[in-house]
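> fold the following, please.
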Amino acid sequence: MKKIICLLAVLAPTAAFAADRTFECVPEKSPLPELTAKLVKFGEADKGQITVDGTEMEAQVFGSLGGFNFLHIGDGYTMSYDVNIEEGTVKYSASGSKNGHGSGTCSEL
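Numbers count the residues shown, from 1 in each chain. Sure thing, here's the model as predicted:
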């Protein structure tokens with residue numbers, strides 16, 4: 001019984017860190033539809049998902065100052081969302097066929 005309790009004590013903290021993190025982002029005075037996005041970081045992995053207008057796209061996720069950067073490289077374009085968790089903001093930039101930039105607010109769900 002002691003071994004089971006010790007095992008649970010060791011595994012419980014790691015399970016808490018493996019949860020996905022989800023952010024809902026909306027634009028501030030920007031006509032870009034890409035700024036209304038749902039961003040998901042998958043557990044401790046450097047992978048995630050960007051959802052815009054019902055379209056789901058794979059993303060690489062990197063740590064950044066105060067949050068995460070979600071990067072999607074598509075066919076002829078790139079999209080980047082820099083989420084600052086502490087400030088509740090997002091900065092969006094894209095190149096190629098989706099060229100543009102803007103900012104907005106993000107809240108963690």
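> only C-alpha atoms for contact and neighbour calcs from this point on.
Fine.
> who does the residue positioned nearest the centre of the chain bridge with?
Nearest to the mean C-alpha position of the chain, by C-alpha atoms, centre = their mean, lies Leu39 at 3.9 Å. Leu39 forms beta bridges with Phe23, Ile50, as assigned by DSSP bridges.
> right, and Cys25 touches Ser103 too?
No - the criterion here is C-alpha atoms under 8 Å, and Cys25 misses it with Ser103 at 9.4 Å.
> tell me which of the two has more neighbours.
Neighbour count, other C-alpha atoms under 10 Å: between Cys25 and Ser103, Cys25 has more, with 24 against 21.
> with just CA atoms, put the helix or strand hosting the more buried one into PDB.
In the assignment (DSSP states H and E), Cys25 maps to strand 21-27. Extracted C-alpha coordinates of strand 21-27, given in PDB (Å, rounded to 0.1, in the frame of the first residue of the first chain):
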ATOM      1  CA  ARG A  21      -3.700  25.100 -22.700                       C
ATOM      2  CA  THR A  22      -6.400  26.800 -24.800                       C
ATOM      3  CA  PHE A  23      -6.700  30.500 -25.700                       C
ATOM      4  CA  GLU A  24      -9.500  32.400 -27.400                       C
ATOM      5  CA  CYS A  25      -8.300  35.500 -29.300                       C
ATOM      6  CA  VAL A  26     -10.300  38.400 -30.700                       C
ATOM      7  CA  PRO A  27      -9.100  41.400 -32.700                       C
END
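> now for it, which elements pack on it?
Packing contacts for strand 21-27, counted by 3 or more C-alpha pairs under 8 Å, 6 or more residues apart in numbering; DSSP states H and E, involve strand 37-41, strand 100-108.
> contacting residues around it?
Strand 21-27 has contacts (C-alpha atoms under 8 Å, 6 or more residues apart in numbering) with 35-43, 90, 102-109.
> and with 7 Å instead?
Strand 21-27 is contacted from outside by 35-42, 103-109, using C-alpha atoms under 7 Å, 6 or more residues apart in numbering.
> before we move on, what about stretch 60-78?
Counting by C-alpha under 7 Å, 6+ apart, residues outside stretch 60-78 touching it are 41, 46-48, 58-59, 79-86, 94-98.
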